[in-house]
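*Asks:* Sequence and predicted structure, then a few things I'm wondering about:
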Amino acid sequence: MKIAHFSDPHLGAPTDDWTALFDKRWVGLFNYKFRRSYQHNPKYLEEAVRYILDNNFDVAVCTGDLTNTGQPNE
């Protein structure tokens, strides 16, 4: 069995919900704006998905944070 494992793609976008600035998500928004938007390139995830599909893995497992703040637009 071939298993692909990847972690923490941190896909994100600026929030549409201004109330996120007043709960714990402001930390994620701050990180995205000033750090992660430069470190987490969505093209890397696209390349990983392409690699997984091209190499016929039986299972793909993503552990860690899929998004930055968990907003619906992410």
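*Replies:* Sure, I can see it.
*Asks:* pLDDT score for the nearest residue to G64 once chain neighbours are set aside?
*Replies:* Closest residue to G64 apart from its sequence neighbours, by Cβ to Cβ, 6 or more residues apart in numbering: D8 at 3.5 Å. The way it works is simple: take the backbone N, C-alpha and C, and place the C-beta from them, glycine included. Model confidence at D8, given as pLDDT, is 82.
*Asks:* Quick check, D8 in contact with A48.
*Replies:* No. D8 is beyond contact range of A48, at 11.7 Å (criterion: Cβ atoms under 8 Å).
*Asks:* of the two, who's got more company?
*Replies:* Taking D8 and A48 together and counting by other Cβ atoms under 10 Å, A48 has the greater number of neighbours (15 against 12).
*Asks:* Could you pull out the strands in the chain for me?
*Replies:* Using DSSP state E, the strands of the chain run over 3-7, 59-63.
*Asks:* okay, the angle between the last one and strand 3-7?
*Replies:* Going by axes from the mean of the first three to the mean of the last three Cα atoms, to 10 degrees, strand 59-63 is angled at 20 degrees with respect to strand 3-7.
*Asks:* So what are the sheet partners of strand 59-63 and their directions?
*Replies:* strand 3-7 (parallel) (DSSP bridges).
*Asks:* in the strand it pairs with, what's buried?
*Replies:* A4, F6 (16 or more other Cβ atoms under 10 Å).
*Asks:* Would you mind pulling the contact partners of it?
*Replies:* The contact list for strand 3-7 (Cβ atoms under 8 Å, 6 or more residues apart in numbering) reads 45, 48, 51-52, 55, 57-64.
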